[in-house]
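Asker: Give me coordinates for this.
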Amino acid sequence: MPPAEPHAPRRNPYARLFRIPGATAFTIGNLIARLPMGMFSVSAVIMIAGTRGSYALAGAVTATGLAATAVVAPWTARLVDRHGQARIAVPATAIAALGSLALLLCVRYGAPDWTLFAAYAATATTPNTGGMSRARWAHLLKDDERAVHTANSFEQAADELCFMLGPVLAAFLCGALFPEAGTLIGVVLLLTGVLVFAAQRTTEPPPRGRTPHKEKSPLHARGMPTLLAAFLATGAVFGSMEVVTIAYADARGHKAAAGAILALQAAGSCAAGLLYGAVKPSGPPHRRHVLCAVSMAALMTLPLLAATLTGSLLVLAGALLVAGMATAPTMVTGMALIQQRTPEGRLNEGMTLAVTGLLGGIACGSASGGWAVEHLGTAQGYAVPVAAACCALLLSIAQAYATSTPGPRSVRPHAPSAA
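Answerer: Numbering: from 1, shown residues only. Reported below is the predicted structural model:
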């Protein structure tokens, strides 16, 4: 190999990713499809609350969609692994798009409230586009741990960027055009992105197909339940931080500034994710995950200190910017562990389980943050993300211990080797 080739990844490891034929095309399609993920819930809340005059109804509808996604998404991912991304993702996206359009029409024409729940529940078939993209990188870069680390970091930064821009775009469209504009344009973007992504067949992982024997579920992999619980706790950090920040800004008469303050947190996470991906990983992933969780738990104390000691939104914004820098590395190493421990041929399912845990944590964190704000105060509400980050740290330590110590089979020599 020419001596110049190994040095190129050191200068810019991300350039190496996109020299792979087809990588740029599937990434563009995936980013287009992923942007609406940050738009739909905000658009639904604005659309429903604006026409029905009830934030409680809007919140209940979106919570129902989240619960339905938690149930349906792993099954969709299992079908993707078994039959291929293009074959399953396109019809699943079409069903989800019809659900969003049905919600729009039910709101527009004053249908009974129960129809809103039914329509939004149908969007649960939306495939995990981020997971499918990570599965492609894992397929294209197998046996190259550093390149997979860089790809996972890029995908996490893309997640942060989409969830940072999505709500802003949704709020702008619904306000500047008409209440249903965010949902309508989100559907167009989702369909377009998935079609572009699915058209890149040369980079698609081969489908696993049906197997004659019952396969081991990712949930039964060693250390996986504890790792998924850590994702749940990490999601609670995100959900509680969002609710508490909105309440804190509102209590100081600057509710409109909450979006910009939260965007700074996402920007810090996005930048940290890209920097983390440019660094060569050292040590086993479970140890890196613990160290990242330690950093997240420590930095999450900064918003609490800023809110309780200064009462300044500017200081809080700076604290959130710094605190956000620990979340992306934690997520990147967590996804690396998911990829490492998921049984072969079921990677989409394993990563979707992680995303499901994250979404469940966001819902729990939002509820916990809201309770803390109501009963303890807006500044004290920042104790909730600190507590959630500490839980994530303890769970990370537990899963590292569970996977670094000998399993039961190694201490029971009389057990059959096939067990």
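
Asker: could you show me where the helices are in the stretch 151-300 of the chain, in order?
Answerer: 181-199, 224-251, 257-278, 285-299 (DSSP state H, counting those that start in this stretch).

Asker: And the stretch 301-419 of the chain, by the same measure?
Answerer: Using DSSP H, counting those that start in this stretch, helices in the stretch 301-419 of the chain cover 301-309, 313-323, 327-341, 347-375, 383-404.

Asker: so which of those comes closest to residue 173?
Answerer: For residue 173, the closest of the helices of the stretch 301-419 of the chain is helix 347-375, at 22.7 Å, according to Cβ to Cβ. C-betas here are computed from N, CA, C, even on glycine.

Asker: Identify each buried residue in stretch 307-327, please.
Answerer: Residues of stretch 307-327 classed as buried: 307, 313, 315-327 (neighbour count, 16 or more other Cβ atoms under 10 Å).

Asker: Point out the most buried one among the helices of the stretch 151-300 of the chain.
Answerer: Of the helices of the stretch 151-300 of the chain, the one with the most neighbours on average (mean count of other Cβ atoms under 10 Å) is helix 224-251, at a mean of 24.

Asker: Just the angle for it relative to helix 301-309, thanks.
Answerer: 30 degrees (axes from the mean of the first three to the mean of the last three Cα atoms, to 10 degrees).

Asker: Show me what helix 224-251 is packed against.
Answerer: Other elements packing on helix 224-251 under the criterion 3 or more Cβ pairs under 8 Å, 6 or more residues apart in numbering; DSSP states H and E are helix 257-278, helix 285-299, helix 301-309, helix 313-323, helix 327-341, helix 347-375, helix 383-404.

Asker: how many other residues sit next to residue 175?
Answerer: Using other Cβ atoms under 10 Å, residue 175 is surrounded by 13 other residues.

Asker: Equivalent analysis for residue 149, please.
Answerer: The tally of other residues near residue 149 (other Cβ under 10 Å) stands at 24.

Asker: Would you report the backbone torsion angles of it?
Answerer: Main-chain torsions, residue 149, degrees, to the nearest 10: phi -60, psi -40.

Asker: for it, what are its contacts?
Answerer: Residues near residue 149 by Cβ atoms under 8 Å, 6 or more residues apart in numbering: 277, 280, 281, 332, 336.

Asker: next one: residue 297
Answerer: Residue 297 touches 386, 389, 390, 392, 393, counting by Cβ under 8 Å, 6+ apart.

Asker: Considering those residues, which is situated nearest to residue 156?
Answerer: Scanning these for proximity to residue 156, where the rule is Cβ to Cβ, the winner is residue 392, at 15.6 Å.

Asker: Quickly note the distance from the closest one to residue 69.
Answerer: The gap separating residue 392 from residue 69 is 21 Å, by Cβ to Cβ, to the nearest Å.

Asker: Can you tell me which of the buried residues of stretch 307-327 is closest to residue 247?
Answerer: Nearest to residue 247 among these is residue 307, at 10.6 Å by Cβ to Cβ.

Asker: I'd say the closest one and residue 378 touch.
Answerer: Yes - between residue 307 and residue 378 there is a contact at 7.3 Å, judged by Cβ atoms under 8 Å.

Asker: picking up where we left off before, just send the contacts of residue 149 back as TSV, with pLDDT and distance to residue 260 too.
Answerer: Formatted as TSV, the contacts of residue 149 follow (pLDDT from 0 to 100; distance: Cβ to Cβ, whole Å):
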residue	pLDDT	distance to residue 260
277	73	26
280	72	35
281	67	33
332	80	25
336	79	32
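
Asker: Now render those residues as JSON lines, adding distance to residue 197.
Answerer: Formatted as JSON lines, the contacts of residue 149 follow (distance: Cβ to Cβ, whole Å):
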{"residue": "277", "distance to residue 197": "21"}
{"residue": "280", "distance to residue 197": "29"}
{"residue": "281", "distance to residue 197": "27"}
{"residue": "332", "distance to residue 197": "21"}
{"residue": "336", "distance to residue 197": "22"}
